[in-house]
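In: need a structure here:
(one chain, ligands or ions: 1)
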Amino acid sequence: MYEISGLTKIYDGKGKNEKVHALQGVDVVIPDNDMLAIQGPTGHGKSTLLQLLGGLDRPTGGSLKFDGQEMAKMGEMSLTKLRAQNFGYIFQGFNLIPTLTAQENVETALVPLGVSKVERRERAAKALTDVGLGERLGHLQTELSGGQQQRVAIARALVKEPKVILADEPTGNLDEETRDDIFGLLEKLWADLGLTVIMVTHDSALSKRVPRLAQIKNGKLTIKRESKTANAA
Ligand SMILES: Nc1ncnc2c1ncn2[C@@H]1O[C@H](COP(=O)(O)OP(=O)(O)OP(=O)(O)O)[C@@H](O)[C@H]1O
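Out: Okay, the predicted model is just below:
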């Protein structure tokens, strides 16, 4: 569960003394097993929030607690461990390594966890099978469709058995049919594995389907639609 209050992020801008106030006091609780979509105009702080939630960057101010641990104050080693054990990331551009097979790409997520080579192979094969790519383990990125590449990226996020999946425009590069397919897969994994899924999306069809919807405007977050789970928490 995330407990977030007064969260701010200020970047250094291009000019001297110029500051970009990307997040300007975000308050939100994200309970376990929530599925939250974040919408908002371009440049208003969506990706910034996702980066902070995933421990990929540090807030400038406020409190960002994950399972009671203050991420803003955590040392680099603890944060790396928290990231490796809890967060799976999915990006719009898939971020696969083109010279590696689907299986090898998924295995890379387990290297920081010190998992043995044999176990890495087994877990990667299982994760790819879970996303419907059991027959494509040895394929390179160029030998896979866009939807299949996103499935590899989802398997790579899942193989660590994270608590949280953070997705930045997970269906952004895909046609309508493939988009429905990938979102259906995320919904199934969310329900079956009890994951928390937090995604940034411009896709209004997708926003309609998620249980809980938030909007970020000018670095501030408002909840637009509550799910029953969130109300109960
Ligand atoms: N590393 C950085 N250094 C400086 N400014 C940044 C950096 N990252 C983001 N910004 C700025 O912070 C603001 C918020 O950016 P962010 O990427 O969070 O927006 P977004 O809502 O995700 O936009 P989009 O929908 O276009 O992806 C923008 O003004 C952006 O230019």
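
In: Next, find the distance separating the residue nearest to the spatial centre of the chain from residue 157.
Out: The centre of the chain sits closest to residue 166, judged by Cα atoms, centre = their mean, with a distance of 1.1 Å. Computed as Cβ to Cβ, to the nearest Å, the residue 166 to residue 157 distance reads 8 Å. From N, CA and C alone the C-beta is placed, and that goes for glycine too.

In: what residues are shared contacts of those two?
Out: 88-90 (Cβ atoms under 8 Å, 6 or more residues apart in numbering).

In: Not counting its own residues, what contacts the longest helix along the chain?
Out: For the chain, the helix with the greatest residue count under DSSP state H is helix 176-193. The contact list for helix 176-193 (Cβ under 8 Å, 6+ apart) reads 33, 35, 130-132, 145-147, 150-151, 154, 158, 165, 167, 170-171, 174, 195, 197, 199, 203, 205-206, 209.

In: Selecting buried members of the residues you listed in ChimeraX, what would you type?
Out: Only the buried entries of the contacts of helix 176-193 go into this ChimeraX selection, using 16 or more other Cβ atoms under 10 Å:
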select :33,35,130,131,147,150,151,154,158,165,167,170,171,174,195,197,199,203,206
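
In: taking the contacts of helix 176-193 one by one, which sit in helices?
Out: Filtering those for helices - DSSP H - leaves 130, 146-147, 150-151, 154, 158, 205-206, 209.

In: hey, where'd the strands end up in the protein?
Out: Ranges of strands in the chain, per DSSP state E, are 2-12, 19-30, 35-39, 61-66, 69-70, 87-91, 164-168, 196-200, 212-217, 220-225.

In: Lowest mean pLDDT across those strands, which one is that?
Out: Sorting these by mean pLDDT places strand 87-91 lowest, at a mean of 91.

In: Help me confirm that residue 40 comes into contact with residue 216.
Out: Yes - in this structure residue 40 lies within contact range of residue 216 using Cβ atoms under 8 Å: 3.9 Å.

In: overlap in contacts of these two?
Out: Residues touching both residue 40 and residue 216 (Cβ under 8 Å, 6+ apart): residue 46.

In: still on that earlier bit, sort out which one of the ones in helices among the contacts of helix 176-193 lies nearest residue 74 for me.
Out: residue 158 (24.1 Å; Cβ to Cβ).

In: residues contacting the closest one?
Out: For residue 158, counting by Cβ under 8 Å, 6+ apart, the contacting residues are 88, 127, 130-131, 165, 189, 193.

In: just these that are near the ligand?
Out: Among the contacts of residue 158, proximity to the ligand is found for none (Cβ under 6 Å from any ligand atom).

In: Thank you kindly, that will do.
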